[in-house]
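Novice: Here is a sequence together with a model predicted from it:
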Amino acid sequence: MASSRRSPAELVQALQQRLSHGTRWLVAYSGGLDSTALLHASCALADPARVLALHVHHGLQPAADAWPAHCDAQASALGAAFECIRLQGAPAPGQSLEAWAREHRYAALAAAARRHRADAVLTAHHADDQIETMLMRLARGSGIDGLCGIEPDTVLHGVRVLRPWLEFPRAVLLGYATQHRLQWVEDPSNRDLSRTRNALRHDLLPALDAADPGLRERLWQALPALRQARADQQAQAWRDLEAARTEARGCIGATADDPPALNRRVLRTLVPERCNAVLRLWLRKAGLAMPSRARLAQMRLQLVEAPGAHGRVAHQDKMLVRDRDQICLLEAAQLAAVPVAGMSLRWSGQTSLALPGGHGYLLFEPVEESDNGAAVSASWLARQTIEISAGGRPQARIRPRPGGVSRTLKNLYQEAAVPAWMRPSLPLVHVGGRLLYAAGIGMDCDNAWPREAPCVRLRWTSDAPTLKLAASPAAAL
């Protein structure tokens, strides 16, 4: 529990407990008070030769250009290795500068930790950072994930990150640094009150401390209950996610690497907060950033609550797509399907015909017996002109089963879970003005087609992964 009565000796003990479970450590070293104390204590407790001080130069202010030399000198005096990484690029338009710097800083720390085979990254976050983070997220309207604050032990970019001093106020770190006469740099941007965290640190928190000296302690006491509530919420989200995935039939157009589809009917039975939790978990499993509350509400509206058969919401470089009751997460390129161009072909017995425009191949599979009706006479077909057209013709009809009734392509596409955006990219095969084969559905089994042996069965395939078809019990593709 955080308390101003903690001592520098307890600070060292807390770090020693962490260092006793590894052999090589990477210290995130900015050169400021907090990370200077952490680096000094780490080198005092562990073999300095097994400690790497990594300084990330953000390139955001002129004063920072002098810090790498200072950090190098301090690390060398302690016997630790030193490395400086300068970030490249800049935030995207509308992106938070702090969020951009944090994301790239941790990515650089993780890459260095893997390169040097460090057991973990150590950071010098303390109790004041925790309280500031909780208040900032509360002000932004964060959910329970945000209110749980900074984690003492987590994994970022595939590397373990430890924060051994989260329960100690910054005053204890200052006491340690003063006791050992450490030297550190002062970041002038920390006095910029236009930044939310600085305004909290220098104006709001001192005023709150004066009005209610026990506020920080009670916020700390609330953390265990918040984290338990989060654990309960996450367990429920996993159950809801599994239910939505179990009921989904999959999404035509998705690749093997795409997250499983979700079933809208299941999601519509959930209250908004539980539905939101499922969507967040689904996106997290796909490796995507968490959307804002407003963005998440828009996702729920378009994908779950809105009437109509279709819905789409862009998120990062992905597209969340609903086709009837199936919700899929696809690459944007997967939705840019080009309609099949009309063309005339002649078949002379080859096993396949390539369709121009990258629309895959029409296969001709020999069939000895044609009792099931899904075949046509090979010699007859070789004398005909084959007409190819796009598949987005909802009122065209085909008889998918011998002895069955003819049905519209729209109805059969829906039954086979072929989404509307994909249908124009699936070829239709006409012979003599009649529909013989529909990709995604199968052959016309009408008795009027000639079936003198030997026969062939038509099948379409594509070498484009965005157009792979899932097997359907309703048709032989």
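Specialist: Happy to help now that I have it. Predicted model only: the values in this text are computed from it and were never measured.
Novice: Any regions of this structure where pLDDT drops low?
Specialist: Counting by pLDDT under 70, the chain shows low-confidence ranges at 1-4, 247-259, 332-338, 369-372, 392, 462-477.
Novice: Okay, domains of it per the record?
Specialist: 8-213, 227-335, 343-467 (automatic domain parsing).
Novice: starting at the chain centroid, how far to the last one?
Specialist: Going by CA atoms, centre = their mean, to the nearest Å, the spacing between the C-alpha centre of domain 343-467 and its chain's C-alpha centre is 38 Å.
Novice: cool, the second one as well?
Specialist: Taking CA atoms, centre = their mean, one finds the center of domain 227-335 at 11 Å from the center of the full chain.
Novice: returning to what we had before: okay if I get the domains of the chain as JSON lines plus mean neighbour count and distance to residue 219?
Specialist: Yep, even glycine has a C-beta here, placed from its N, CA and C like the rest. Formatted as JSON lines, the domains of the chain follow (neighbours: other CB atoms under 10 Å; distance: least, CB to CB, whole Å):
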{"stretch": "domain 8-213", "mean neighbour count": "17", "distance to residue 219": "6"}
{"stretch": "domain 227-335", "mean neighbour count": "17", "distance to residue 219": "13"}
{"stretch": "domain 343-467", "mean neighbour count": "17", "distance to residue 219": "48"}
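Novice: any chance you could map the helices in the stretch 151-300 of the chain?
Specialist: Ranges of helices in the stretch 151-300 of the chain, per DSSP state H, counting those that start in this stretch, are 170-179, 196-199, 205-211, 215-247, 264-267, 272-285, 293-300.
Novice: any chance of those helices in CSV, plus distance to residue 59?
Specialist: Below are those laid out as CSV (distance: least, CB to CB, whole Å):
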stretch, distance to residue 59
helix 170-179, 26
helix 196-199, 20
helix 205-211, 29
helix 215-247, 34
helix 264-267, 44
helix 272-285, 30
helix 293-300, 30
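Novice: just so I know, which of these lies nearest residue 132?
Specialist: With distances scored as CB to CB, the stretch of the helices of the stretch 151-300 of the chain nearest to residue 132 is helix 196-199 (5.6 Å).
Novice: Run through who's touching the closest one.
Specialist: 98, 132, 136, 139, 189, 190, 191, 192, 193 (CB atoms under 8 Å, 6 or more residues apart in numbering).
Novice: Repeat the analysis, applying 10 Å as the threshold.
Specialist: Contact with helix 196-199 is made by 98, 129, 132-133, 135-136, 139-140, 189-193, 204-205, as judged by CB atoms under 10 Å, 6 or more residues apart in numbering.
Novice: Quick check, central residue of this structure?
Specialist: residue 288 (1.9 Å; CA atoms, centre = their mean).
Novice: Tell me the spacing between that residue and residue 29.
Specialist: According to CB to CB, to the nearest Å, residue 288 and residue 29 sit 31 Å apart.
Novice: same deal with residue 404?
Specialist: Residue 404 is 73 Å from residue 29, by CB to CB.
Novice: got it, and residue 268?
Specialist: 51 Å.
Novice: Check residue 423 too.
Specialist: 57 Å.
Novice: closest one to residue 220 among the domains of the chain?
Specialist: Here domain 8-213 is closest among the domains of the chain (CB to CB), at 7.1 Å.
Novice: now do the same end-to-end measure for that closest one.
Specialist: Length of domain 8-213, first residue to last, CA to CA, to the nearest Å: 22 Å.
Novice: Residue 453 sits in which helix or strand?
Specialist: According to DSSP states H and E, residue 453 maps onto no helix or strand at all.
Novice: Does it touch residue 376 like I think?
Specialist: No - here residue 453 does not reach residue 376: they are 11.2 Å apart, not a contact under CB atoms under 10 Å.
Novice: Tell me who's in contact with the spatially closest residue to residue 396 that is not a sequence neighbour.
Specialist: Excluding the flanking residues, the one nearest residue 396 by CB to CB, 6 or more residues apart in numbering is residue 409, at 4.8 Å. By CB under 10 Å, 6+ apart, the contact set of residue 409 is 391-398, 418, 423, 426, 428, 435, 438, 440-441.
Novice: Check residue 456 too.
Specialist: 347, 349, 351, 363-367, 370, 375-382, 443.
Novice: Ok, residue 459 next?
Specialist: 352, 361-365, 374, 437, 439, 442-443, 476-477.
Novice: That one in helix, strand or coil?
Specialist: strand (DSSP: H, G, I helix; E, B strand; the rest coil).
Novice: do the same with residue 357
Specialist: Per three-state DSSP, residue 357 ends up coil.
Novice: Tell me how far it lies from residue 182.
Specialist: Separation of residue 357 from residue 182 (CB to CB): 68 Å.
Novice: and if you look at residue 344?
Specialist: From residue 344 to residue 182 the distance is 82 Å (CB to CB).
Novice: now residue 277
Specialist: To residue 182, residue 277 is 45 Å away according to CB to CB.
Novice: Repeat that for residue 201.
Specialist: Note on residue 201: its distance to residue 182, by CB to CB, is 21 Å.
Novice: cool, residue 53 as well?
Specialist: Per CB to CB, residue 53 is found 13 Å from residue 182.
Novice: what sits in contact with each of these two?
Specialist: Joint contacts of residue 53 and residue 182 (CB under 10 Å, 6+ apart) are 36, 39, 74.
Novice: List the ones among the residues you listed that fall in helices.
Specialist: Secondary structure from DSSP state H places 36, 39, 74 of the shared contacts of residue 53 and residue 182 in helices.
Novice: what's the closest of the residues you listed to residue 14?
Specialist: Nearest to residue 14 among those: residue 39, at 15.4 Å, using CB to CB.
Novice: what's the closest non-adjacent residue to the closest one?
Specialist: In space, residue 39 is closest to residue 27, 4.9 Å off (CB to CB, 6+ apart).
Novice: Just say helix, strand or coil for the one you found.
Specialist: Assignment for residue 27 (three-state DSSP): strand.
Novice: Pretty sure it sits against residue 53.
Specialist: Yes - Residue 27 is within contact range of residue 53, at 5.2 Å (criterion: CB under 10 Å).
Novice: intersection of neighbour lists for these two?
Specialist: 35, 36, 38, 39, 42, 43, 75, 80.
Novice: distance of the last one from residue 122?
Specialist: Residue 80 sits 12 Å away from residue 122 when distances are taken as CB to CB.
Novice: For these two, list the residues in contact with both.
Specialist: Common neighbours of residue 80 and residue 122 (CB under 10 Å, 6+ apart) are 25, 27, 29, 39, 42, 51.
Novice: which one is the last one nearest to, not counting chain neighbours?
Specialist: It refers to residue 51. residue 80 (4.3 Å).
Novice: I'd say the one you found and residue 38 touch.
Specialist: No - look at residue 80 against residue 38 with CB under 10 Å: they stay out of range, at 11.3 Å.
Novice: who touches both of those two?
Specialist: In terms of CB under 10 Å, 6+ apart, residue 80 and residue 38 are both contacted by the residues 25, 27, 29, 53.
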